[in-house]
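*Asks:* One predicted model, sequence on top.
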Number of protein chains: 2
Amino acid sequence: MAQRFALMITPVDADEQRADFSDSFTAVNPTAPALSVGELSTQRGDGVFESIGVVDGHAQEVEPHVQRLAHSAKLCDLPAPNLEQWRQAIALAAAECGPGEAVIKLILSRGVEHGPAPTAWATAAPASDFSAARTDGIRVVTLDRGYDLGAGERAPWLLLGAKTLSYAVNMAALREAHRRGADDAVFVTRDGYVLEAPTASLIIRRGERFITPAPSGGILHGTTQLSVYEYLADQGLTAEYATLTVDDLAGADAAWLVSSIRLAAPITAVDGAPLPVDAAFTAALNAYLLSPR
Amino acid sequence: MAQRFALMITPVDADEQRADFSDSFTAVNPTAPALSVGELSTQRGDGVFESIGVVDGHAQEVEPHVQRLAHSAKLCDLPAPNLEQWRQAIALAAAECGPGEAVIKLILSRGVEHGPAPTAWATAAPASDFSAARTDGIRVVTLDRGYDLGAGERAPWLLLGAKTLSYAVNMAALREAHRRGADDAVFVTRDGYVLEAPTASLIIRRGERFITPAPSGGILHGTTQLSVYEYLADQGLTAEYATLTVDDLAGADAAWLVSSIRLAAPITAVDGAPLPVDAAFTAALNAYLLSPR
């Protein structure tokens, strides 16, 4: 499934106010060369990104995504993005998406080596079909992330709270999960606490309580997890943040990986041991996540 | 200092034998668009690389570099590179370098998203002037890498032994070092052992013994460190691998960060505490590293 729309963005100072940023955008052929080999995104994974779900042309959770882009940029010492410029880029990309599900990616790179400024672009493409994962669920394996629970707060240069372009480890963890016959991975600290998946947040249910690992320097705060927590609050359900062990996950009454594009995927097994699935609840949750937010 | 030569490479199967791979190379303008926005190197830092020093048109340590490229590719489940093809690409790039010092970069990317094959390219550019670092030395700070000493061997998906394009943490560590008034960083495990610098290997001298942290799953085996060890052996000096603590570094009789482009930079201070510098030995070492190898 190829990219079908791409927009190069000339970053503008964060405090510059304009009604219309369209002259800072240039549509480019998404399959043609658009980036030079000096790009530090490509040489160093040096930049930050966001993936935004689009349903029938409506971009979801735009504000949390642009806010997180700014947060990631700050952690990486990149110039603060102009949020209104990015909102307008998202609107342009969403308008290209048509019916059905799509994905918009935002990329803010350090720029060209020895260059004067960051480079930035947005793409839009049809989303893969995740209906099987949402309905039938996914098997996960737990994989050691190497860090202890306090690493992110102790060592901010590890960038654990930033959504950087340096995702080689995340991709390697997914390949390892597939090698083990699973669909996805859940990262675990050296000291036995569950963190997050390579490209998703974890939520478990224990009795009537929903719990996600406490966001700290070590976990990327998930935009979809925040949306799910709003939904749970609206339903009068208890949604909390807490430190969770691998045993907490394996002994949960239900668990999901939630992310912007695949949405809520119920976990059917952890390291080969089955986990209960609440099909009706999951269906309602995904219906909410597919509604305009 | 802009890139001045770039060659796109169409990867060929590792076992394909040809006298001449030139029809798999396309010279491109290094400052013009050459990569599409779908490139997984740029979206995910998903690929591997090498930086090769060039002196007066002679590419240094070509064989260790292409071997390490292949090793990194294997750790990242990328198709094995055809080493002879890469050697020929390096030769073409080196021929463009002219007199003085230059740097050749090799990049092997996962390819375009949903695409059929990896993408690959090589660039050549003049090197920065590192004579001050080689002569006057560098101040380093130790920075927590978050991992314990066994993480790399225990969790190969952390890719600690691969030279991946996901260098955002390495770049963040360098910025943190600069914020602390230092020139470079030395990564330290959670349990207090020194590992390596973000883009260099560490060698210390204790009495008449030269010691570098034992290469394991947690350390990238440095090509320049290997060259230095050959030089030391030729001089009849003792060069070893061992587990080293921060105190071992702080109490060393001398220490260097060695890398392909900056070569041997003597460490003048560790976390603000001065370290002795052996100027004559360092000058001889750099003269060796600048000779054709």
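*Replies:* Looks like it arrived, so ask away.

*Asks:* Looking at chain A, which residue is nearest chain B?
*Replies:* A:Gly45 (2.4 Å; CB to the nearest CB). All C-beta atoms are positioned from the backbone trio N, CA, C, and that covers glycine.

*Asks:* Contact partners for that residue?
*Replies:* Neighbouring residues of A:Gly45 by CB atoms under 8 Å, 6 or more residues apart in numbering or on different chains: A:164-168, B:41, B:44-45, B:164-168.

*Asks:* Can I get those residues in JSON lines including distance to A:Glu196?
*Replies:* Output for the contacts of A:Gly45, formatted as JSON lines (distance: CB to CB, whole Å):
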{"residue": "A:Thr164", "distance to A:Glu196": "14"}
{"residue": "A:Leu165", "distance to A:Glu196": "17"}
{"residue": "A:Ser166", "distance to A:Glu196": "16"}
{"residue": "A:Tyr167", "distance to A:Glu196": "13"}
{"residue": "A:Ala168", "distance to A:Glu196": "17"}
{"residue": "B:Ser41", "distance to A:Glu196": "24"}
{"residue": "B:Arg44", "distance to A:Glu196": "17"}
{"residue": "B:Gly45", "distance to A:Glu196": "18"}
{"residue": "B:Thr164", "distance to A:Glu196": "20"}
{"residue": "B:Leu165", "distance to A:Glu196": "22"}
{"residue": "B:Ser166", "distance to A:Glu196": "17"}
{"residue": "B:Tyr167", "distance to A:Glu196": "22"}
{"residue": "B:Ala168", "distance to A:Glu196": "17"}
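
*Asks:* most neighbours, which of these?
*Replies:* With neighbours taken as other CB atoms under 10 Å in any protein chain shown, the top of the contacts of A:Gly45 is B:Ser41, carrying 34 neighbours.

*Asks:* Spit out the contact partners of that one.
*Replies:* Counted by CB under 8 Å, 6+ apart, B:Ser41 has contacts A:41-43, A:45, B:35, B:47, B:107, B:109-110, B:119, B:165.

*Asks:* Give me the subset of those that lies in strands.
*Replies:* Mapping those onto strands (DSSP state E) picks out B:47, B:107, B:109, B:119.

*Asks:* low-confidence ranges in the stretch 151-293 of chain A?
*Replies:* A:217 (pLDDT under 70).

*Asks:* what's the burial count for A:Ser24?
*Replies:* Here the number of neighbours of A:Ser24 (other CB under 10 Å) works out to 19.

*Asks:* residues contacting the residue lying closest to it once chain neighbours are set aside?
*Replies:* Leaving aside its chain neighbours, A:Ser24 sits nearest to A:Thr10 (4.5 Å; criterion: CB to CB, 6 or more residues apart in numbering or on different chains). By CB under 8 Å, 6+ apart, the contact list for A:Thr10 reads A:24-26, A:120.

*Asks:* any chance of those residues in a markdown table, with pLDDT and secondary structure too?
*Replies:* Listed next are the contacts of A:Thr10 as a markdown table, based on pLDDT from 0 to 100; DSSP: H, G, I helix; E, B strand; the rest coil:
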| residue | pLDDT | secondary structure |
| --- | --- | --- |
| A:Ser24 | 98 | helix |
| A:Phe25 | 98 | strand |
| A:Thr26 | 97 | strand |
| A:Ala120 | 98 | strand |
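
*Asks:* who wins for neighbours among those?
*Replies:* Neighbour tally across the contacts of A:Thr10 (other CB under 10 Å): the maximum, 27 neighbours, falls on A:Ala120.

*Asks:* Specify the beta-bridge partners of that one.
*Replies:* A:Ile9, A:Leu108 (DSSP bridges).

*Asks:* related to what we said a few turns ago, local confidence estimate at the residue of chain A closest to chain B?
*Replies:* For A:Gly45, the pLDDT comes out at 96.

*Asks:* again with the one 5 residues further on
*Replies:* In this model, A:Glu50 is scored at 98, pLDDT.

*Asks:* Only the buried residues of the one helix or strand it maps to, if you could.
*Replies:* Element membership for A:Glu50, per DSSP states H and E: strand A:47-55. Going by neighbour count (16 or more other CB atoms under 10 Å in any protein chain shown), the buried part of strand A:47-55 is A:47-55.

*Asks:* what about dumping the CA coordinates of stretch A:280-293 to CSV?
*Replies:* Only the C-alpha atoms of stretch A:280-293 are listed here, as CSV (Å, rounded to 0.1, in the frame of the first residue of the first chain):
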residue,chain,number,x,y,z
ALA,A,280,-18.6,-7.1,23.2
PHE,A,281,-16.7,-4.5,25.2
THR,A,282,-13.9,-4.5,22.7
ALA,A,283,-16.3,-4.0,19.8
ALA,A,284,-17.9,-1.0,21.6
LEU,A,285,-14.5,0.4,22.3
ASN,A,286,-13.4,0.2,18.7
ALA,A,287,-16.8,1.7,17.5
TYR,A,288,-16.0,4.7,19.8
LEU,A,289,-12.4,4.9,18.5
LEU,A,290,-13.7,4.9,14.9
SER,A,291,-16.2,7.7,15.7
PRO,A,292,-15.0,11.3,15.0
ARG,A,293,-12.8,12.4,17.9
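
*Asks:* For stretch A:17-25, C-alpha coordinates in CSV please.
*Replies:* In CSV, the C-alpha atoms belonging to stretch A:17-25 read as follows (Å, rounded to 0.1, in the frame of the first residue of the first chain):
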residue,chain,number,x,y,z
GLN,A,17,0.9,33.8,13.7
ARG,A,18,-0.8,33.5,10.4
ALA,A,19,-4.3,32.7,9.2
ASP,A,20,-2.9,30.7,6.3
PHE,A,21,0.3,28.7,6.1
SER,A,22,-0.4,27.3,2.7
ASP,A,23,2.6,29.0,1.1
SER,A,24,4.8,26.9,3.5
PHE,A,25,3.5,23.7,2.0
